[in-house]
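**Q** pasting a predicted model and its sequence here:
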Amino acid sequence: MSDGAQLRVDEGVETSYPESPWLVMKFGGTSVASADNWQRIATLIRGRLRSGLRVVVVHSALAGISNLLEQLLDAAVTGDYQAILDDIEGRHKELANDLGVDGGAELARCFAELAQLAAGIRLVGEASPRVHARVMAAGELAATLLGSEYLQSAGVANSWVDARTVLQSKPARDSTERSRFLAATCDFAPDAELVERFAELHPVILTQGFIARNARGDSVLLGRGGSDTSAAYVAAKLKARRLEIWTDVPGLFSANPRAVPSARLLRSLAYHEAQEIASAGGGVLHPRCIPPLRSYGIPLILGCTSHPQWPGTVVSQAPGEDTAQLKAISSRGGLTLVSMESMQMWQQVGFLAEAFDCFRVHGLSVDLVSTSESNVTVSIDVGASAVDPGTLDLLADDLRRLCRVRIIDDCAAVTLVGRKIRAILHELGPALEVFEEQPVHLVTQAANGLNLTFVVDAEHAHRLVQKLHGLLVGQFNEGRVFGPTWEQLQAPKASPVAAVPPWWAEHKDTLLDIAQREQSAYVYHRDSVLGAVQALRDLKSVDRVFYAMKANSHPEILQLIHGAGANLECVSPGEIRRVLEVLPDIDRRAILFTPNFAPRAEYEWALEQGVWVTLDNLYPLRAWPELFAQQELFIRTDPGQGRGHHEHVRTAGVHSKFGVPLFEMEELGELVTRANARVVGLHAHTGSGILTPGNWRDTGACLLGLAQQFPDVRYLDLGGGLGIPEKPGQKALDMAALDAVLGEMKSAHPDYELWLEPGRFLVAQGGVLVAQVTQLKGKGEVQYLGVSTGMNSLIRPALYGAYHEIVNLSRLGEPATEIVNIVGPNCETGDRLGSDRLLPVSEEGDVILIANTGAYGYVMSSHYNLREPAREFVI
Ligand code: LLP
């Protein structure tokens, strides 16, 4: 393994201390949690030693341990905590085993102390901030004991140092006890004594991040992400030549690479830019680590522990460029907004001072501010500032003496970071259209021109970042500022093909044949569809499955799915007729009709056909009660909370037109009785593309509650909406977990039949759209790859910003080297099937495959531009 690559990047990096022998290396929790990484760490350290440096290693607790310690704190207050203690100890033992060490007596003492602390918490029934800090500190102490012993055994002689003898917290004005213990700050002025002390030790020193002591000698914590800050403090105190921070990504990116795979590595940044990116929620680096480095001119180099050969990010004094440029788009959740409204604040001296004093009194640090004549809105980072529960209510009470107050929870800040952002505002014009649909609560522009921030509801943040990134950053060429994309770094140097090849890779030749004949085509794979039906039939808790045929109504698919044991859910007479045509002998009670705002005649007709009929409004019962006399009905309810992959597919809550709201249930009961009908089934469908099993548990709980009002109810239809993984790395819906939550409901209420009515889940992955490459175009840095069909066949990307994996089927397995936008032939800018995709160099006539298009593909196609949509084939 090479250890030279990372050294290369600091050639020519300006440092205040070119002669300093000290180098600080910080490793995060994932970096220190595996034996493979420890071997890499040892190699990296040896390389530094050979260059004549003395190395101080600062590291975090093993990945996952801090969370377990938090859980331990909660469990110890209320109940049994032994299992968590065992888990913590077990994970350390496992790593010790892999490293071939045992942690020695020190580690045993550390766990014994942890057990005593937990027992103490159980006894007194609470964990004071002081005890909280001691419990959390155990994670770092235990990890560094293992690390030190391993390095020793690998021939890297080192001294283990307790960080609490190195860093001391300083008293903070107006701080609470909680923040003094859990989010402390320390002095970092150069410390000759420390240099002297360290110089007497081994040339490698190992110490903990995140922890320090206070003036009384108690353990304190440096707050979330505190290990980066520890490392920066130590670097400043030692006047180190540089600080290296090693994590599981190689550096700072133009967006969070886990959320936006086309995010670009940022090769070099000035301190203030890195600080802005980190503060805006970069996640890789803690913003508090920058000021100590900036104060003393110590460069920071970021690298990836598991791939030390990857290029990293260098953060140093301004790397001498002055042009306006957008560098990153970040988002940061966990914000609460406080909006203060008063007509009197206009030209009233001292209003702001008084209002802000209330924040000071409650120990709340204000994050973003926007003001107008009658409104001041501020954000508070509740997650980062260790806010006591209840504090916000107290704050609101105080503020109400001055103005009207509104607290808006669950917000996220989406920030554009760069240089002289103001100078490029005009370029942002088209990108700002993405805010058209989302309520923006607050906009701020930093006076230093480094950032422009929009605060939106947290649920919209991810999509906004993706869109803005695609529009504003994705297209830049590699150069001094932008490096490769996360996808490029990660990708095995070939087109993406999953570990288990998807069905379409195995049927490549057939698909190429069809595409060459047809220009473009939807192709469905029988076995995949059958596999999906089986996965649902395997759910022991579900009594019946109704396939929502709106997802794909191809006759053969209907036969296949019904043949495999599923019933059918229809939303129009057209769909029912299609079923009756294709499956003439079907039991009419295997069809469920779920219309919405349909005319009277449709209900009349459906009832004549003998299918189950669902009402989702009081209107039909009020206006046409005679239709429903003697009928057994389903009622679609609106449980109040919608879910799903896009606003357009969330089908509950006041903004959705579906379902009877809960507050109308009583009246509904009366109308049903008056019409002389009976409610035998309750139904709710909260939305589409949901990957959390809890959705169906919540829906079930809601329906069970309602069922008390309707004694004839036998069936609970929990709707569809089961999502599929769309993006690389996205986790599939956990079917076992779904079965478990529904199983609990079923065993508690065995009298009800549980139904599901999925569409997408059964057909999405079994279908692909293939199309031929028509033309190529390069507009400066943006490359377009045209294909023979577009939004007329597949409207999901344009309508929902949906992501479909796209590959060049003709060149499957060839190196993917080009970033392109895949567009269709329709006359609309939105006629784009994918943005910023990494593909092999493609040519006219190549076949492009768009995956996961078996659901809501053909059924939503159109003849727009009088272009025939792709035809359907089943293989
Ligand atoms: N049940 C009802 C009452 C529904 O409204 C729907 C879908 C389903 C079941 C099936 O949902 P699924 O399991 O497929 O998520 N065109 C959008 C999806 C719209 C879904 C409409 N209702 C898309 O392409 O994502």
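**A** On my side now, so go ahead.
**Q** how close does the nearest residue to Val823 once chain neighbours are set aside get to Ala235?
**A** Computed as CB to CB, 6 or more residues apart in numbering, the closest residue to Val823 that is not its neighbour in sequence is Arg832, at 5.0 Å. C-beta here means a position set from N, CA and C on the backbone, and glycine is covered the same way. In this view, Arg832 and Ala235 are 46 Å apart by CB to CB, to the nearest Å.
**Q** equivalent analysis for Trp38, please.
**A** 22 Å.
**Q** the stretch 51-200 of the chain: helices as residue ranges?
**A** 65-78, 82-99, 104-124, 129-153, 177-182, 192-199 (DSSP state H, counting those that start in this stretch).
**Q** most packed of these?
**A** Most buried of those by mean neighbour count (mean count of other CB atoms under 10 Å) is helix 129-153; its value is a mean of 23.
**Q** what mean pLDDT does it have?
**A** Mean pLDDT, computed over helix 129-153, is 97.
**Q** quick one: it to helix 82-99, angle?
**A** With axes from the mean of the first three to the mean of the last three CA atoms, to 10 degrees applied, the angle from helix 129-153 to helix 82-99 works out at 20 degrees.
**Q** how distant is helix 129-153 from the center of its chain?
**A** For helix 129-153, the distance from its own C-alpha centre to the chain's C-alpha centre is 29 Å (CA atoms, centre = their mean, to the nearest Å).
**Q** what does stretch 839-859 give?
**A** That offset, for stretch 839-859, works out to 26 Å (CA atoms, centre = their mean).
**Q** for that stretch, how far is the first residue from the last?
**A** 28 Å (CA to CA, to the nearest Å).
**Q** same check, this time on stretch 297-315
**A** 10 Å.
**Q** how about that stretch: buried residues?
**A** 298-308, 310-315 (16 or more other CB atoms under 10 Å).
**Q** likewise stretch 777-789?
**A** Using 16+ other CB under 10 Å as the burial criterion, the residues of stretch 777-789 that qualify are 783, 785-789.
**Q** from those residues, which land in strands?
**A** Counting by DSSP state E, the part of those found in strands is 783, 785-787.
**Q** and the least confident of those residues?
**A** Looking at those by pLDDT, the weakest one is Gln783, with 84.
**Q** is it true that that one touches Ile822?
**A** No. Gln783 is not in contact with Ile822 according to CB atoms under 8 Å; the separation is 10.0 Å.
**Q** near the ligand too, which of the buried residues of stretch 297-315?
**A** Among the buried residues of stretch 297-315, not one lies near the ligand by CB under 6 Å from any ligand atom.
**Q** show me where the stretch 151-300 of the chain has strands.
**A** Using DSSP state E, counting those that start in this stretch, the strands of the stretch 151-300 of the chain run over 159-160, 204-208, 211-213, 219-221, 242-247, 264-266, 268-270, 300-304.
**Q** show me the contacts for the residue of the chain most remote from its centre.
**A** Distance from the C-alpha centroid of the chain peaks at Glu626, with 50.5 Å (CA atoms, centre = their mean). Shown in contact with Glu626 (CB atoms under 8 Å, 6 or more residues apart in numbering): Ala675.
**Q** look at it and give its secondary structure.
**A** What DSSP: H, G, I helix; E, B strand; the rest coil gives for Glu626 is helix.
**Q** how much space between it and the ligand?
**A** Using CB to the nearest ligand atom, to the nearest Å, Glu626 is found at 26 Å from the ligand.
**Q** report the distance from stretch 371-378 to the chain centre.
**A** The chain centre lies 31 Å from the centre of stretch 371-378; the measure is CA atoms, centre = their mean.
**Q** in it, what counts as buried?
**A** For stretch 371-378, the neighbour count (16+ other CB under 10 Å) marks 375-378 as buried.
**Q** nearest to Leu472 among the residues you listed?
**A** Nearest to Leu472, judged by CB to CB, of these is Thr377 at 25.4 Å.
**Q** which SS state does that closest one fall under?
**A** Following three-state DSSP, the label given to Thr377 is strand.
**Q** and Arg832 and Ala235? which has more neighbours close in?
**A** Comparing Arg832 with Ala235 by other CB atoms under 10 Å, the one with more neighbours is Ala235, at 31 against 18.
**Q** how much space between that one and the ligand?
**A** 50 Å.
**Q** re earlier: quick one: which of the buried residues of stretch 777-789 is nearest the ligand?
**A** Ranked by distance to the ligand (CB to the nearest ligand atom), those are led by Thr789 at 16.9 Å.
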